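K.L.:
need a 3D model of the sequence below.
(one chain, ligands or ions: 1)
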Amino acid sequence: MEDVKTAVIGGSGVYKQSFIKDEREINVDTKFGPVTVKQGIYNGGIVYFMARHGGGHTVPPHLVNYRANIAALKKLGVDAVLSTAAVGTLRHDMPPGSIVIIDQFIDFTKQRALTFYEGEEGFVVHIDFSEPYCPEIRSAMLKAGTKVGQQLIDGGCYICSEGPRLETPAEIGMFKNWGADVVGMTNVPEVILAREAGLCYATIALPTNYAAGITAEPVRHEEVLETMENNRPELERLLAACIDEIKPGHYCKCKDAGKYWPKE
Ligand code: HPA
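P.N.:
Model prediction:
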């Protein structure tokens, strides 16, 4: 059986992974625009790395070309995507510095392209999202955490706000009532598009700050970057261990959702 081709999508504060060797930049053309991806080797297998906000963190969350990014990974033959997301936390038992393997999301975005399927195919596509994140990749992340001695939080609900402004305390209060645990600006539509493309996708959420109104402190973007920088070595170890845990031929149903993907 062929090796799994893995990709890491790095969010805020995650612009490279030192365990990926022999990296070279490749450009992939997609229907949605060109994408630059790094291709490298880890443990004898191909690993791709993509900086979601661009290498120099120049693309704001609402302007990321999510469709091009996922279409590029699909074109490269990737099957498993590990993404990282800096998040604000709504819970004192998921404090800044903890690591949450989220298992649900709520979409509070407002103006993004949320699907690959705009009706051009001549039929309408409704994909099941009962299990939004790939159970096999989530389980690999949790096993990897145990292997590298990190305590990960198993499960959490991510709410995606539109950004780029941060939330008001009133919004965060409402999100809390809705059952959200952490808030970020990028997981939607990335998770949706990955499933539509039939890719296995899961996210390591890294709380960097208490969300607005959870404590009396205002939210500072520098705090987000500082916490991510402090977490960097731990995150790299976790990602590498997770790639080791992903076995070919996993038993999830993510691939089935890709059955509508147009043949190129
Ligand atoms: N809100 C939204 N996105 C974020 C936050 C936040 O508080 N922290 C890091 N990303």
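
K.L.:
C-alpha only now, for contacts and for neighbours.
P.N.:
Will do.

K.L.:
quick one: the strands in the stretch 1-150 of the chain?
P.N.:
Counting by DSSP state E, counting those that start in this stretch, the stretch 1-150 of the chain has strands at residues 6-10, 21-30, 33-42, 45-51, 80-89, 100-101, 104-108.

K.L.:
touching the ligand at all, the fifth one?
P.N.:
Yes: for strand 80-89, a contact with the ligand is found by CA under 6 Å from any ligand atom, at 86-88.

K.L.:
who does that strand pair up with?
P.N.:
Its sheet considered, strand 80-89 pairs with strand 6-10 (parallel), strand 182-184 (antiparallel), strand 200-210 (parallel) by DSSP bridges.

K.L.:
partners of the nearest residue to residue 12 once chain neighbours are set aside in the sheet?
P.N.:
Take residue 12 and drop its neighbours on the chain: the residue closest to it by CA to CA, 6 or more residues apart in numbering is residue 86, 6.1 Å away. Beta bridges link residue 86 to residue 206, judged by DSSP bridges.

K.L.:
near the ligand, which residues of the chain show up?
P.N.:
So the chain meets the ligand at 86-88, 166, 183-185, 208-209, 211, 224 (CA under 6 Å from any ligand atom).

K.L.:
all helices for the stretch 151-264 of the chain, in order.
P.N.:
169-178, 187-196, 221-245 (DSSP state H, counting those that start in this stretch).

K.L.:
and residue 231, how many neighbours?
P.N.:
Look at residue 231: counted by other CA atoms under 10 Å, it has 18 neighbours.

K.L.:
so who does it touch?
P.N.:
residue 97 (CA atoms under 8 Å, 6 or more residues apart in numbering).

K.L.:
begin at 328 from now on, thanks
P.N.:
From this message on, residue numbering opens at 328, which makes the last subject residue 558.

K.L.:
what average pLDDT does stretch 436-445 get?
P.N.:
For stretch 436-445, mean pLDDT rounds to 96.
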